[in-house]
Every structure is written in structure tokens, then in C-alpha cells.
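# With the input below, show me the fold.
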Amino acid sequence: MEKNIHNSFEKTKFMELPIGSIKPRGWLLNQLKLQAKGLTGRLEEIWEDLGKDSGWLGGTGESWERGSYYCDGLVPLAYILNDRELIVKAKKWIEWTLRSQKESGFFGPEKNEDWWPRMVMLKALKSYYEVTGDERISSFMLKYFTYQNEQIDSHCFTIWEHSRLSDTILLLNWLFEMTGEEFLINLAKKLMKKTRDWNEYFGEFPFNKSTAYYMDWDNLFSLVKDKGLEILKNSNDSKVRHLYEVFEGTHVVNVAMGIKYPALSYLVTGERDRVKIADAGIKKLKQYHGVANGLFTGDEHLSGNNPNQGTELCAVVEYMYSLEKILLTFGCIRYADILEKVAYNALPATLDQDIMSHQYDQQVNQIKCSVEPRDWYNNKDDSNIFGLVPNFGCCTANMHQGWPKFVKHMWAETRDNGIVALIYGPSEVIFKKNNREIRIIEDTNYPFDDKIVFRIMTDEAVSFPLYLRIPEWVNTANYSFGEESKTVKGNCYLKLERVWKNNYVVELLLEPDVRISKWYKNSISIERGSLVFALKIKERWQNMNDSEEYPEYEVFPESSWNYALEINFKDKAESFKVLRSDEKLPEQPFNSGKATLTIIAKGRKLSEWSIENNSAGNLPQSPVISNAPLEEVTLIPYGAARLRIAQFPYLKKG
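Here you go, the predicted structure:
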């Protein structure tokens, strides 16, 4: 039974701050600047799907999700950076969208009626409102949601609407808080009934093997190539309907988006067990499809635990967004830990260091990036090269939301009139308490350094609680403020409440141990703090096209990769030496040649572990035996290693 009898949405644990309240600094700021100078800033000039003929600009070109995907990242990036050129670009898309609304409330390209890409554009409009306060946005959205409310009972949902449209609840909740229009709550309830019940999905989790076990892609493709995927959803044939369930339920982007559904349903129903469902879903994804970078495989569908399988870039940024919303809703430390792991490892690893190209699929064990067949489930041979549109264009359009939305969720307000540092990294936040503006500067090179300094800037003394997240992976953290110095155990929010004066400083020192996690075939991954470490492989980048300005790269190894590590599980300190360079952290720390934080380990080559089907051969079951000489091997942060081994076999003791 629904417990929400107040005809209102439930309150989230934390309250998001509007775009522009949080600014990146240091190396993190440079990631956003690289985006602006790179693909995000240039796509309209080099990719016709986002050019002047885009359906989202009134043209006759691509009219489905690519224009709205692009705006969903472009708008927050433009305003976080206050980049005038990007703002002009963003306004062009926003203004056309606002002008496109019909009397009925419907909007967007005329040749496409799918509600799904319109939901994505509404997210971009929300971002635009946060920084401009443009009153047209709220009236526009109310008019469109009135249209949806009138049409939803008779509307036949497409596959993508059925699997993804529940995300609209976030927008309905936001608009309700602004307007108090009660029909928005009823629309949210209707959307839950019309879309996939991801709570039920993650409770049962029917796909504990690779999708190939449940569905032969070639047979599916022959069935839908002429009539499209909707033939599956609307079929009366039970076997065909089963294919639909498999297709929708294993599509990696659907799953990455669906993991936030427990939080969405909590907002509507108030059912407090939803956090357990979110935890169960994350646990099962890790158990059956998880890999060391914090994600799960999907090339294009869930593909098991083998680190040779790929994970699509869309899934990376959508999983980040889901975790951001789960974190705001439930507040649990573990969601922030996973979010940092994905953002500081998987996201940079699948982009080139200039953010001028990207992969469609990344592999945790990736020993070359080339146009060659691999054991993808249904992706193409170019899926792991670094290019403009490898495999398919969705990631080219959707990748832009990753860093900007991550920055937006680094800080949040608390229900007791405080502020909380949810995600660590060089940043600053501006907010108001008691009609006074407060600025907190977070000075750090985290996650490449363990020390974080918070400096409170205020014209007048002001009292408010400051919460600092202490990750689960911390045994004890040291913190100091004023003349006091204390320790705190991990997995909590440290609450500091006092009258804060200008230039008050709080120092937090997180000193993580090197951790070993176990994965597929008893392989191991080496972690420290939020960073995963991978074997440093010498990389040779080969430009595939004639353009130096817009290159596409294959990457080949020029050093050995087939090592098994020697590990003393009883005394890990004996197995690893953590080295920190005295050099200044480079503006682009995700560079294999400029890693300032490395781990030295020991290992032996495994001659029997060789290339198979253009990937690292299937992992041998650990522990393994090798008579090769013992060597020192260098491990660097995963995000800096475009070629890597991050799940290792380990040597049998003795």
C-alpha cells in the first residue's frame, strides 16, 4: 500500500544546490576546460547529427535523442565554466526548444513523437532555469506535463519510454516544489505504473549470466531488422515477448539508469525499504557483471564478469547520474564511495587526455585498442578505439554530462540548515545561511593526495553545521580545526558545528591503506582510496585518419602485459610500495606518462596468458604458477592507463 497519503513528494536526505553554486578548481577544473575546448565545444562544427540540420534546431536531420543528450551536458558545462561561447551555443538549443511548443503542450522535432528524448531535454531546461531563473521554463514544463497527464492513460509506450521514462519523476518532484501543482504527483504515480518496475527487477534480478546465454543477437536482429524493436514489445507471441524482456532488461544503459528507480519510487510512495532494493541491485550487478573499475559490463548488453568484456560510455555517465540521485535521496556513504570510484577511474579512462576522442567500450583488461573483432556481445569491431563516433553515436552525444553533473553534486545542503561535502575534489561552494553568503574553498589534489583543506570565507561570523564524508574505506581519519586535532572512524559523516569566522580552516587527512579486492576467476585488483591501480603498459598511439585536429586513434602495447602478481595477503605492506612524486600535479593527471602516485609491486610473466581474439586471453584461475624471473612492475591510476591490466592473476605462494 502506498504510504504517501499527504499528496506530496517525500523529502530527500540532502538538497541539491543549483548549477553554478559549486565550481571546480585545480585539476578538476581543467577536465571541464578540456571538454569545452574539445568535443563538447566543437561537436556542432564536426558532427552533422548536432549541426544546423539537427531536428532539435528545426532541421530535417537527426531528431531523436542526440540533440537532447548533448544539451543535457552542454548547459551545465557552459554555466559552471561561465564560458560565453558555450553559453551562446546552449541558448540556441534552448530557445528553439521553447519556441517549438505547441498549444497542446507537446514540443520538439515534429517527425519524432517519442517522449523519452523530450525527458532528456527537460533535464537540460531544468539546468538552464537553475542558472537563469527564466520563468518561461516552469510554465513550459507545466504545459507539457499537463499534456502528458491528459495523454498518458491512452499512450502506447515505446521500448525506451517503458524502460527510461520513470526518470521524469525527478523533474516532477522539482517542479512540484516550485509550483505546488498537485497533478504532478498523480502524473508521477501514473508513470510508475506505465514504466518498468525496476524495484521488482532488482529484487529478482533474472540475468545472472551474460546476455548471450538468454538471447542470440543474430536471431533477434533478423526478427526486428525490418519492423524495428517495437515488434517485440507489442507481440502476442510469448517467445517474442520474452525476447523483449531480455532486450530491455539487459541493455546496459537501461540498467545503469534503472538503478536510481528505488530512489524515484521512494519520492512518490515514501516506502523506506527502497534503499534496501537499491543496495540489492548494486550488489547483484557487482556479483554477476561487476568489474574492478566500479562498473558492470555491457557491450551492448550485460556481459558477465570477464574483464575483457566492454562497458559502454553511456553506461558510465548514466550510472554516475543514478548514483548522484540515490546519494541525495538516501544519503548513504557507500553511494558516494562508488560514485568517486567510477568518476575517478572509469570516466577518464574512456576519454583521451585532451577529451577530443572517446571509446564506446572500455575493457578493464585492455591490451590494445584497434579495429578488430572482439568478444563483444553485439558491438562492432571499432568499439574500443578512441574516435569521434566509434560503434554508435549515442555516447558521442551523451558523454558530456559526466564531469559537469559530478561537480554539481560534490556539495549539498542538509535538512538542519547545514552543508555537506559529499564528494571530494578541488572545488568551492557558495551558499547562504541567515542571509549571509558563505564560500568554502576545498583545496586538495584528491584523489591523488590524501590531504583536504577547507577554508571558510564569510564577511560576518555565522553558525551552521558542516558535514564531511568519511569514506567506508578509511580505517581512521585525522582532522583538525583551530587548536583541536582528533580522529574519526570511517563510514560516517563528521559533523562540525560552531560559529564560523572568516578564514577558518579545517584540515582532513585520509590515509587509505592499499586494498586487494577479488573478482572473476579469483583475480585481484589493487585499490587505494577511490583509485584503482593498473599495470603501466607503454602505449603507441596511431592516428587512423588524416586529421591532426580531429584524430581517431588505435593504441598498441610496446611493453609486456601478461603478469601475475606476488602477494602476501597477511602483510600487504610487504607486497606494495606506494610512491608519491615531488613534482607538481599536472593539469591532466590522467596521463600514463605523468602519474604522480604509483604503486610498485612484484610479479612474474605468464607465458600461457596470451592474446586471444585481440584481447588479453581469458584469465587463468588464480593462484597460478610461473617460473619466469620475478620483476618489479609499476601500477598507475586506472584513469591514466588507456592500455592496462587491472584484474590480475596472482602467484601461488611457495
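# The stretch 351-500 of the chain: strands as residue ranges?
361-363, 411-414, 419-421, 427-433, 436-444, 451-458, 462-470, 476-481, 484-489, 492-500 (DSSP state E, counting those that start in this stretch).
# What are the buried residues along the third one?
By neighbour count, and taking 16 or more other CB atoms under 10 Å as the criterion, the buried residues in strand 419-421 are 419-421. C-beta here means a position set from N, CA and C on the backbone, and glycine is covered the same way.
# quick one: average pLDDT of that strand?
The average pLDDT within strand 419-421 is 98.
# Find the one among the strands of the stretch 351-500 of the chain with the highest mean neighbour count.
strand 361-363 (a mean of 30; mean count of other CB atoms under 10 Å).
# Pull the distance from that one to the chain's centre.
Centroid separation for strand 361-363 versus its chain: 14 Å, with CA atoms, centre = their mean, to the nearest Å.
# which residues are contacting it?
293, 299, 307-313, 316, 346, 349-350, 376, 379, 383-384, 391, 615 (CB atoms under 8 Å, 6 or more residues apart in numbering).
# Note down every partner strand of that strand and its orientation.
strand 310-312 (antiparallel) (DSSP bridges).
# tilt between the following helix or strand past the partner strand and strand 462-470?
Next helix or strand after strand 310-312 toward the C-terminus (DSSP states H and E): helix 313-330. For helix 313-330 against strand 462-470, the angle by axes from the mean of the first three to the mean of the last three CA atoms, to 10 degrees is 130 degrees.
# Average pLDDT for helix 313-330, rounded please.
98.
# can you check stretch 172-184 too?
For stretch 172-184, the per-residue pLDDT averages 97.
# Show me what counts as buried in that stretch.
172-176, 181, 184.
# quick one, domains of this structure?
13-194, 411-444+451-510, 514-640 (automatic domain parsing).
# quick revisit: the buried residues of strand 419-421 into JSON lines, with extra columns for distance to residue 52?
Listed next are the buried residues of strand 419-421 as JSON lines, based on distance: CB to CB, whole Å:
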{"residue": "419", "distance to residue 52": "43"}
{"residue": "420", "distance to residue 52": "43"}
{"residue": "421", "distance to residue 52": "43"}
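# circling back to that earlier point, dump the strands of the stretch 351-500 of the chain into a markdown table; add distance to residue 105 as well.
Compiled in a markdown table, the strands of the stretch 351-500 of the chain are given as follows (distance: least, CB to CB, whole Å):
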| stretch | distance to residue 105 |
| --- | --- |
| strand 361-363 | 39 |
| strand 411-414 | 32 |
| strand 419-421 | 37 |
| strand 427-433 | 35 |
| strand 436-444 | 38 |
| strand 451-458 | 44 |
| strand 462-470 | 41 |
| strand 476-481 | 51 |
| strand 484-489 | 51 |
| strand 492-500 | 42 |
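# mind checking which of those strands is nearest residue 117?
strand 361-363 (23.0 Å; CB to CB).
# what residue ranges in the stretch 501-650 of the chain score low on pLDDT?
Of all residues in the stretch 501-650 of the chain, none has pLDDT under 70.
# which stretch among the strands of the stretch 351-500 of the chain comes nearest residue 619?
The nearest among those, by CB to CB, is strand 361-363 at 12.1 Å.
# now the closest one: mean pLDDT?
Strand 361-363 comes out at a mean pLDDT of 98.
# Could you pull up the contacting residues of residue 214?
By CB under 8 Å, 6+ apart, residue 214 lies in contact with 207, 246, 250.
# measure the first one to residue 249 for me?
Okay, so that is residue 207. In this structure, residue 207 and residue 249 are 6 Å apart, going by CB to CB, to the nearest Å.
# on that earlier part again, could you identify which of the domains of the chain is most buried?
domain 13-194 (a mean of 19).
# What's the end-to-end length of that domain?
Start-to-end span of domain 13-194 (CA to CA, to the nearest Å) is 27 Å.
# and it, how far out from the chain's middle?
Between the centre of domain 13-194 and the centre of its chain there are 18 Å (CA atoms, centre = their mean).
# again, but for stretch 251-269
14 Å.
# ditto for stretch 189-199
That offset, for stretch 189-199, works out to 23 Å (CA atoms, centre = their mean).
# So what touches it?
Against stretch 189-199 from outside (CB under 8 Å, 6+ apart): 2, 149, 152-153, 155, 157, 161-166, 168-169, 172, 248-249, 254, 258-259, 261-262, 264-265, 268, 274, 277, 281.
# about what we covered before: take the buried residues of stretch 172-184 and write them to a markdown table, including distance to residue 54.
Shown next, in a markdown table, are the buried residues of stretch 172-184 (distance: CB to CB, whole Å):
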| residue | distance to residue 54 |
| --- | --- |
| 172 | 27 |
| 173 | 30 |
| 174 | 26 |
| 175 | 26 |
| 176 | 31 |
| 181 | 32 |
| 184 | 30 |
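# between the residues you listed, which is closest to residue 355?
Looking across the buried residues of stretch 172-184 and measuring by CB to CB, the closest to residue 355 is residue 174, at 29.3 Å.
# so what's the closest one up against?
Contact partners of residue 174, counting by CB under 8 Å, 6+ apart, are residue 126.
# From residue 99, how far off is it?
Residue 174 is 23 Å from residue 99, by CB to CB.
# what does residue 53 give?
17 Å.
# Quick check: residue 542 vs residue 551, distance?
10 Å.
# What residues are bridge-paired with residue 533?
Applying DSSP bridges to residue 533 yields these beta-bridge partners: residue 526, residue 637.
# So that it lines up with my notes, have the first residue be 40 from now on.
From this message on, residue numbering opens at 40, which makes the last subject residue 572.
# What's the local residue count around residue 315?
By other CB atoms under 10 Å, the residues close to residue 315 number 12.
# Only the buried residues of the helix or strand hosting it, if you could.
Using DSSP H and E, residue 315 maps to helix 313-328. Under the neighbour-count criterion of 16+ other CB under 10 Å, helix 313-328 has 313-314, 316-321, 323-325, 327-328 buried.
# Closest one of these to residue 497?
Nearest to residue 497 out of those is residue 314 (CB to CB; 34.8 Å).
# So that closest one is in contact with residue 371, correct?
Yes. Residue 314 is in contact with residue 371 according to CB atoms under 8 Å; the separation is 6.8 Å.
# re the thing from before, okay if I get the buried residues of helix 313-328 as TSV plus pLDDT?
Below are the buried residues of helix 313-328 laid out as TSV (pLDDT from 0 to 100):
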residue	pLDDT
313	96
314	97
316	97
317	98
318	98
319	97
320	98
321	98
323	98
324	98
325	98
327	98
328	98
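# got a list of what residue 484 touches?
With CB under 8 Å, 6+ apart, residue 484 has these contacts: 65-66, 465, 624.
# ok, the residue nearest to residue 74 when sequence neighbours are not counted to residue 480 distance?
The shortest distance from residue 74 to any non-neighbouring residue, by CB to CB, 6 or more residues apart in numbering, is to residue 394 (5.2 Å). To residue 480, residue 394 is 25 Å away according to CB to CB.
# Make JSON lines from the domains of the chain and add distance to residue 687 to it.
Formatted as JSON lines, the domains of the chain follow (distance: least, CB to CB, whole Å):
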{"stretch": "domain 52-233", "distance to residue 687": "27"}
{"stretch": "domain 450-483+490-549", "distance to residue 687": "20"}
{"stretch": "domain 553-679", "distance to residue 687": "5"}
